[in-house]
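**Student:** the sequence and its predicted three-dimensional model are supplied below.
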Amino acid sequence: AQRVTQPEKLLSVFKGAPVELKCNYSYSGSPELFWYVQYSRQRLQLLLRHISRESIKGFTADLNKGETSFHLKKPFAQEEDSAMYYCALRGLNTGFQKLVFGTGTRLLVSP
Amino acid sequence: NAGVTQTPKFQVLKTGQSMTLQCAQDMNHEYMSWYRQDPGMGLRLIHYSVGAGITDQGEVPNGYNVSRSTTEDFPLRLLSAAPSQTSVYFCAAQGSRQRTEAFFGQGTRLTVV
């Protein structure tokens, strides 16, 4: 079964504190993992994908196949990071592969 | 470059009414899909299309119809709205090559009373 679990509905931190948004997945095969972000009143947009192995807006995420996790991290949170974050996976097979989303974590960064 | 455009942004319907949520993309992407976003449930796939004239069901298709007469447009129809269809709806477009990014519209917030 394909499943993405984000255990935290809300993560509240102070500006400058480290942030880790947790994501665990279940997938039979090799998935592609993503983090999407939705800022207030904006569309869902791609933040990171594990294949790119890059840092966007100071965020990084490492795919741990042994623990089936793809946690999102940032060493120093900023107020503008406040948003809804969704972890998602997609199969690497050819053809249309649906995105399977977690339930999302709302990150609130306070001054 | 508009990307994926959804209309309307907000809509209130009475139970039993019908309506069409519009989705248009200008990226010439083959794949298009509709998701609904509900609190505590993430986004779930309603219907998708791999090209003009080809559509298929996702995980929550009941109560919705789609068609894909052109590459650009992928409307979602609610034939007889029910309160359970109160949700935020997102349309997405994606190229057919592997590992391409999915682009989302700004969403339609639908309330059925």
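**Tutor:** Done, it's in. Numbers count the residues shown, from 1 in each chain, chains lettered A, B, ... in the order given.
**Student:** just give me the neighbour total for residue 103.
**Tutor:** This is for chain A. By other C-beta atoms under 10 Å in any protein chain shown, 18 other residues sit near residue A:103. Every residue, glycine included, has its C-beta placed from N, CA and C.
**Student:** was after chain B, sorry
**Tutor:** Based on other C-beta under 10 Å, the number of other residues close to residue B:103 is 19.
**Student:** check the one 4 residues further on too.
**Tutor:** Taking other C-beta under 10 Å as the neighbour definition, residue B:107 ends up with a count of 22.
**Student:** need the distance between the two termini of stretch A:40-52.
**Tutor:** Stretch A:40-52 has an end-to-end distance of 26 Å (criterion: C-alpha to C-alpha, to the nearest Å).
**Student:** buried ones in that stretch?
**Tutor:** A:43-44, A:46-50 (16 or more other C-beta atoms under 10 Å in any protein chain shown).
**Student:** below-threshold pLDDT in chain B: ranges please.
**Tutor:** B:1 (pLDDT under 70).
**Student:** can you list the residues of it near chain A?
**Tutor:** Selection of chain B residues close to chain A by C-beta under 8 Å from any C-beta of the partner chain yields B:4, B:31, B:33, B:35, B:40-45, B:48, B:50, B:58-59, B:90, B:92, B:96, B:98-99, B:101-102, B:104-107.
**Student:** switch to 6 Å and redo it
**Tutor:** Proximity of chain B to chain A, by C-beta under 6 Å from any C-beta of the partner chain, involves residues B:31, B:40, B:42-43, B:45, B:48, B:50, B:101, B:104, B:106.
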